[in-house]
Structure formats: structure tokens, C-alpha cells
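In: Please work out how this folds:
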Amino acid sequence: MWWFYALLSAFFAALTAIFSKPGVSSVNANLATAIRTIVILLVAWGIVFVKREQQGLTAISRHSLFFLIISGVATGLSWLCYFRALQMGKASQVAAVDKLSVPFVFVLSLLFLNESLNWWACYSLLLVLF
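Out: Residues are numbered from 1 along each chain as shown. Got it, this is the predicted structure:
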């Protein structure tokens, strides 16, 4: 089922570009990112509380928490750069360049996560690149 959620992620990422472009056209990119972050924060915590998953907070290890925090920093920096790029360029061009994250993840996962090459990963990478 991972591919279903991956496809949904790609679809919502596409909607993000489409909805964000007019949203940032007359708003400072940093302010736009802050507004978007508040919405995401409310939605994410809303889901956690509706599904009664907040009890898991106390079970998070320091190791996991550290990586979740630095992941959040990377996400924030990505969003700030993405919104600034959307202000300056066309959504279709910005989104295409942004998808270079896929080959970056491919290489970094080999180097740092010790993931192995397989035909599915290589095929998927080629689809994104070409």
C-alpha cells in the first residue's frame, strides 16, 4: 500500500504548486510559508487528536525526536525556498526543478541509509528524470 500513499503525496504536492502560485503572488514568501505552516500544524494535530494518537508522544525516543526535528528544519527550509521560487518563476518550472529531490533522495539513501539498488527504484528514478 505504500505506493498508494506515495501517489496521493505526489497528487497533493501538485495541488500545492497550483494553489500556492496565486497565493504567493502578492504576499512575502516567508509570510506565506508561515501561514501555510500554521494550517499544516492545525491539520496534523487535528488528525492526531481525532485518531487519539497523542499518547504516543511520551514513547518517542531522543534519537527519533532528533531526526524528526532536523527533518522539520529541512522541510521548513525547503518550503521557504519553494515559495520564493514560485514568486519568481512559473509553477510548472519550479515544480519540475523541485522534483530533483527524487535523485537527491536516491543518492543520499544509498550513502546514509544503506538502502540497496533495485529495479523498481532505478525505474522510478528514470521516470522522474525523463
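
In: out of all of them, which helix in this structure is the longest?
Out: As assigned by DSSP state H, the longest helix anywhere in the chain is helix 62-88.

In: average pLDDT for it?
Out: Mean pLDDT, computed over helix 62-88, is 94.

In: Show me what secondary structure element comes after it.
Out: helix 91-98 (DSSP states H and E).

In: which residues touch that next one?
Out: 13-14, 17-18, 20-21, 82, 85-86 (Cβ atoms under 8 Å, 6 or more residues apart in numbering). The way it works is simple: take the backbone N, C-alpha and C, and place the C-beta from them, glycine included.

In: got the buried residues for that helix?
Out: 91, 94-95, 98 (16 or more other Cβ atoms under 10 Å).

In: Against residue 88, how distant is the residue positioned nearest the centre of the chain?
Out: Nearest to the mean C-alpha position of the chain, by Cα atoms, centre = their mean, lies residue 75 at 6.3 Å. Residue 75 is 21 Å from residue 88, where distance means Cβ to Cβ, to the nearest Å.

In: can you tell me the average pLDDT over the helix or strand harbouring residue 11?
Out: According to DSSP H and E, residue 11 maps onto helix 2-24. Mean pLDDT, computed over helix 2-24, is 88.

In: Walk me through the domains of the protein.
Out: 2-92, 100-130 (automatic domain parsing).

In: end-to-end on the longest one?
Out: Its first and final residues considered, domain 2-92 spans 26 Å by Cα to Cα, to the nearest Å.

In: can you pull the pLDDT of residue 93?
Out: 93.

In: what about residue 87, how many neighbours?
Out: Neighbour count of residue 87, defined by other Cβ atoms under 10 Å: 17.
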